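Student: generate a structure from the sequence data that follows.
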Amino acid sequence: MTIFIIILLIVFGIVLLLLEFLVIPGVTLAAIAGILMIGGGIYLSYEHYGNIIGNITVLSTLILSVSVLALALKSKTWNKIKLKTEVNSKVSKDEVDEVAVGDLGISVSRLAPMGKIKVNKMILEAKSTGVYIDEKTKIEIVGIIDKIIIVKPI
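Tutor: Numbers count the residues shown, from 1 in each chain. Below is the predicted model:
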């Protein structure tokens, strides 16, 4: 019965680590539980069967883990669920060149401190001078630094 529990702990631990590596991003409960299960299985093998069987368990767990990970990465199953699209678009900031310091407009969204403004019939992103600016407040452009429009309420 103890052998069955040891095998189950190690197999479930490897499955959880495999899920962590290939499906779940970041370090989550699955990785922690997988490591604890593998560690528990190895501990039980040392505790109940001695050093020789414990060492064999450690070696076989390492070999099994590496081979399962290699097979999972080699198989084409993961290609079906992985993201294949590439994002290669760029944000255009050419509209900033069409506004100047002193232009008047209105805030389209709340600027806290960033938000949307409408100036010269264009909707642009702007930054306030530090104060929060509510929606539909008249604003004035006080500066443009590195293509970032800085506004203040009127």
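Student: could you use CA atoms for every contact and neighbour count after this?
Tutor: OK.
Student: how is the protein divided into domains?
Tutor: 2-80, 94-153 (automatic domain parsing).
Student: between these, which one is closest to Asn88.
Tutor: Smallest distance to Asn88 across the domains of the chain (C-alpha to C-alpha): 18.0 Å, for domain 94-153.
Student: where are the low-confidence patches of this structure?
Tutor: Within the chain, the ranges that satisfy pLDDT under 70 run 78-83, 89-94.
Student: that one: strands as residue ranges?
Tutor: For the chain, the strands defined by DSSP state E occupy 104-107, 114-119, 122-128, 138-145, 148-153.
Student: distance of the nearest residue to Ile149 once chain neighbours are set aside relative to Ile42?
Tutor: With sequence-adjacent residues excluded and distances taken as C-alpha to C-alpha, 6 or more residues apart in numbering, Ile149 is closest to Ala126, at 4.8 Å. Taking C-alpha to C-alpha, to the nearest Å as the criterion, Ala126 is separated from Ile42 by 58 Å.
Student: cool, and Leu64?
Tutor: From Leu64 to Ile42 the distance is 13 Å (C-alpha to C-alpha).
Student: how about Met122?
Tutor: Distance from Met122 to Ile42, by C-alpha to C-alpha: 65 Å.
Student: and for Lys147?
Tutor: Taking C-alpha to C-alpha, one finds Lys147 at 59 Å from Ile42.
Student: which of the two has more residues huddled nearby?
Tutor: Ile42 (22 against 13; other C-alpha atoms under 10 Å).
Student: so what's that one up against?
Tutor: Taking C-alpha atoms under 8 Å, 6 or more residues apart in numbering as the criterion, Ile42 is in contact with Ile6, Ile10, Gly54, Thr57, Val58.
Student: how about a cut-off of 10 Å?
Tutor: Ile42 sits next to Ile6, Ile7, Leu9, Ile10, Leu36, Ile53, Gly54, Asn55, Ile56, Thr57, Val58, Thr61 when contact means C-alpha atoms under 10 Å, 6 or more residues apart in numbering.
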